[in-house]
Every structure is written in C-alpha cells, then in structure tokens.
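A.B. asks: Starting from these lines, generate the structure:
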Amino acid sequence: MDLVLRNATLANGRTVDIAIAGGTIAAVEPALPQRGAREIDVGGDLVTPPFVDAHFHMDATLSYGLPRVNESGTLLEGIALWGELKPQLAQEALVERALQYCDWAVARGLLAIRSHVDVCDDRLLAVEALLDVKRRVAPYIDLQLVAFPQDGLLRSKTAFDNLKRAIRMGVDVVGGIPHFERTMADGAESVRLLCEFAAEQGLMVDMHCDESDDPLSRHIETLAAETLRLGLQGRVAGSHLTSMHSMDNYYVSKLLPLMAESGVAAIANPLINITLQGRHDTYPKRRGMTRVPELLAAGVPVAFGHDCVMDPWYGLGSGDMLEVAHMGLHVAQMTGQAAMRLCFQAVTETPARILGLQGYGIAPGCRADLVWLDAGDPVEAIRLRAARRLVLRAGEVISEAPAARASLRLPGRPASIDFRLERLRRAGQ
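C.D. replies: Residues are numbered from 1 along each chain as shown. Modelled structure (predicted):
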C-alpha cells in the first residue's frame with residue numbers, strides 16, 4: 001500500500017483505516033492489517049471525500065471593484081456592472097484570477113466545481129479562458145462548465161448561437177436564465193428550447209431559475225415539466241429557486257411532487273440568496289433562500305453552492321464550502337442533528353451526484369480524493385469551519401494545514417486552548 005490513514009472517523013460515525021494504492025482506495029476497514037509505505041494516524045478525526053461546489057461563477061471571481069464597486073449591493077446592479085466589465089475583459093486576467101481561486105479551493109478541500117460561464121459576449125473570451133483553466137487544473141480539480149446566457153437566451157440576439165458554439169468548444173452543461181427574459185412567456189420558451197437542445201445533444205442542464213422575490217416567477221414548474229416530457233430525469237438542476245420562498249403553500253404543495261417526479265435537483269446558494277433577495281422588503285424581511293427542508297422532505301436532491309467570491313455581486317467569500325453549509329444551516333433553521341448532517345451532505349455527496357462525478361466517495365475502487373478535517377464529525381466541522389489538515393488528490397498530498405489552536409496569556413489559565421468539544425470534555429474528566 002502507498003498510504004494508510006489510521007483511525008479515521010467517517011461521516012456516518014464509523015472508525016476505520018483507509019488504505020490507498022495507485023491513486024485509488026484499496027480498503028476501508030477497522031484495524032487493517034496491511035502496512036503502508038507511509039502511514040498517518042488521524043487520531044479519530046473526520047475524513048471525508050472532498051467538498052463540491054455545485055454552483056459558481058469563475059469567470060467573474062476576484063473581479064471585485066472592476067470597473068467599480070457595487071454600491072447598492074443588489075443583483076441588478078451586479079448584472080449591470082458585469083455588462084460594463086465584459087468589454088474590458090482580457091483572457092490572461094481571467095485565467096490568472098481563476099487559477100488563483102482554484103488555489104484557494106484546493107487549500108479548503110474543494111476539488112470539484114461547477115462554474116457557469118457567460119456566453120453572451122460574441123468573442124466567447126471567458127469560455128476560452130475557462131476551458132484553458134479547466135485543462136490546467138485537471139490534475140487537482142474537476143471543473144465542470146455551464147454555458148450560461150447571462151443576458152437572456154431570447155433577450156440577447158446571438159445568445160443561442162453562442163451557447164451552441166460554447167458546447168462545441170467543450171463546455172459541458174446547458175444553462176439558462178428564464179426569469180431574466182422580457183416576459184414570462186419568453187422565459188418558458190427559453191426553457192423549452194434549451195431542454196430540447198440538451199436532449200438532442202445528450203447533455204445535462206443547470207438553469208438559473210426564479211432568482212427573484214416574485215412568487216409568480218414559476219419557471220421551475222416548466223423546467224420540471226420539460227424534464228419529464230423529454231426524458232431528462234437525473235440530468236437537470238434548477239439553481240437558486242428563490243421565488244419558492246415567496247410562493248403560497250398551496251401552489252408549492254403541487255410543485256414539490258412535480259419536481260420529485262421529474263428528478264430535477266435544487267441548488268441553493270445561501271450566502272448570495274440571503275444577500276441579494278428581499279431588497280424591496282421593509283419588515284418583515286424575507287430570507288430569500290429556497291425551501292430547503294421542504295424540498296428534502298419531498299425527495300428532491302438539494303445541494304449548496306458558493307455562487308460568488310469577490311465579484312460584482314458579492315464582495316466577500318473565500319472558497320470555503322463549510323462557510324456555505326454554516327450559512328445554509330442557519331437560514332433554513334436546520335439545527336437538528338440529522339438536519340445539520342444533511343447540510344454537510346449538501347456540500348459533499350449530493351453535489352457530487354448532481355455533477356455526475358465518477359469515483360467519488362470512500363469505498364474500495366473510489367479515487368483517493370480525501371480531506372482530513374480538524375473535527376470529530378460533520379456537525380463539528382461546520383461549527384468550527386474546521387481546518388483542512390490534509391487534502392489528498394489521487395492519494396497524493398496537495399495541501400496541508402496545522403490544527404487550529406489559540407495561545408492564552410491569562411494568569412492561571414492553560415497556555416493554549418483547543419476548540420474541539422471532545423477534547424474539552426476529555427480535559428474536564
């Protein structure tokens with residue numbers, strides 16, 4: 001064996017040894033007798049497959065302040081800013097910013113990202129840049145690209161042709177933004193056209209859908225119906241779905257079964273949804289994020305995405321999916337033990353399934369992509385936004401960090417303190 005991780009706690013609570021050979025997981029069992037060329041005792045800490053971001057905009061990341069700051073902090077000013085920035089974009093700068101973000105991602109154990117890329121610039125400059133980035137980061141990040149008609153498929157005259165060109169160039173997924181079309185009818189028509197194109201090409205679909213406070217923005221209904229009509233079950237995701245937060249309960253009681261039957265997945269973006277939505281409210285002020293607990297209860301897969309990091313829409317962020325899970329947990333009021341674990345799954349297992357990642361997981365035959373977290377279980381990992389002690393890609397260490405510690409200078413107190421609950425408990429025994 002090339003490497004054996006000893007005394008690893010899995011997300012389900014099992015304590016195991018993980019043996020790695022040739023870049024894949026060879027065995028996962030308690031007290032494995034096999035010895036490794038290298039052995040690491042993780043001391044009962046949590047070892048998990050890598051984090052997965054199901055919704056991101058890498059073409060815009062780290063562009064905060066270009067060409068100016070979003071003074072209102074609103075979605076529409078962000079879209080206007082992106083329109084101002086696009087003519088000034090340079091491919092080299094796009095690549096440089098994206099690669100820097102990928103370095104941040106690796107350090108935080110984020111090894112798979114689905115990024116939407118704007119195709120409404122006739123030059124397709126951002127598409128070329130991110131295809132270049134995808135090739136460069138392939139050894140350590142699975143980067144999946146979505147052809148995204150940011151200005152509206154029908155609202156922008158060349159958007160559909162550009163989207164088809166982007167797919168021919170190597171972009172993976174068909175995107176859309178029906179709520180940004182000029183009319184509800186145009187929005188529904190864009191969904192139909194895009195889903196038919198995806199069905200013809202054998203592609204997955206991921207649409208920005210109903211990113212609005214308007215309860216009458218119901219394009220997710222059309223997306224689910226088209227998924228059923230065209231046999232796209234399991235290949236379609238609706239991102240944002242924030243209008244569901246404002247819909248009346250009777251309509252939602254009809255919508256949820258349709259979504260479950262269609263197999264459409266939901267991708268919420270907690271940090272951004274609660275920042276951009278509800279801007280027209282005084283009080284009470286809507287949270288904006290979609291109905292995560294209700295979707296899960298109906299059997300709809302729900303993932304969380306980061307969406308934005310330091311771009312025209314959001315001036316914060318660091319590529320930490322535990323921060324995303326932490327915010328999602330609070331906004332959705334998912335503070336029960338089982339619910340908090342579902343929030344951890346929303347940034348690991350569930351988005352991995354939505355993206356169709358192969359060899360993901362901790363089982364014999366899976367690729368040895370693993371993260372050792374400075375935490376004992378998923379709930380503690382979210383609570384502490386735990387340090388990523390080691391990040392492995394195909395069994396090779398690509399990032400490492402020390403355990404989180406704080407030094408104290410208080411008279412009569414220990415010299416250092418560990419924020420791990422289990423260790424605090426042991427110290428008191």
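
A.B. asks: From now on I want contacts and neighbour counts done on CA atoms only, so please keep to that.
C.D. replies: Will do.

A.B. asks: Help me confirm that Ile220 is found in a strand?
C.D. replies: No: with DSSP: H, G, I helix; E, B strand; the rest coil as the criterion, Ile220 is assigned helix and is not in a strand.

A.B. asks: State the distance from it to Glu200.
C.D. replies: 21 Å (CA to CA, to the nearest Å).

A.B. asks: So those two - more neighbours on which side?
C.D. replies: Taking other CA atoms under 10 Å, Ile220 and Glu200 do not tie; Ile220 has more neighbours (28 against 10).

A.B. asks: In contact with that one, which residues are there?
C.D. replies: 209-210, 238, 241 (CA atoms under 8 Å, 6 or more residues apart in numbering).

A.B. asks: Can you check which strand is longest in this protein?
C.D. replies: strand 110-118 (DSSP state E).

A.B. asks: moving C-terminal of that strand, what's the next helix or strand?
C.D. replies: Using DSSP states H and E, the helix or strand that follows strand 110-118 in sequence is helix 125-137.

A.B. asks: got a list of what Leu125 touches?
C.D. replies: 89-91.

A.B. asks: on that earlier part again, run the chain-centre distance for the longest strand of the chain.
C.D. replies: On the basis of CA atoms, centre = their mean, to the nearest Å, strand 110-118 sits 8 Å off its chain's mean C-alpha point.

A.B. asks: now it: mean pLDDT?
C.D. replies: Per-residue pLDDT over strand 110-118 has a mean of 98.

A.B. asks: Report the strands that pair with that strand, each with its relative direction.
C.D. replies: strand 51-56 (parallel), strand 142-148 (parallel) (DSSP bridges).

A.B. asks: Could you count how many residues lie near Ser156?
C.D. replies: Other residues close to Ser156 by other CA under 10 Å number 14.

A.B. asks: ok so, going back, buried deepest among the strands paired with strand 110-118, which one?
C.D. replies: strand 51-56 (a mean of 29; mean count of other CA atoms under 10 Å).

A.B. asks: Now the next helix or strand after that one: buried residues?
C.D. replies: Counting by DSSP H and E, the next helix or strand C-terminal to strand 51-56 is helix 75-85. By neighbour count with 16 or more other CA atoms under 10 Å, helix 75-85 contains the buried residues 75, 77-79, 81-82, 85.

A.B. asks: same check, this time on stretch 186-204
C.D. replies: For stretch 186-204, by 16+ other CA under 10 Å, it's 186-196, 198-199, 203-204.

A.B. asks: Out of those, the closest to Ala363 would be?
C.D. replies: Distance to Ala363, by CA to CA, is smallest for Met204 among the buried residues of stretch 186-204, at 26.3 Å.

A.B. asks: re earlier: most neighbours among the contacts of Ile220, please name it.
C.D. replies: Going by other CA under 10 Å, Cys209 tops the contacts of Ile220 with 29 neighbours.

A.B. asks: So for the helix or strand containing Leu329, mean pLDDT?
C.D. replies: Following DSSP H and E, one finds Leu329 within helix 321-331. Helix 321-331 comes out with an average pLDDT of 98.
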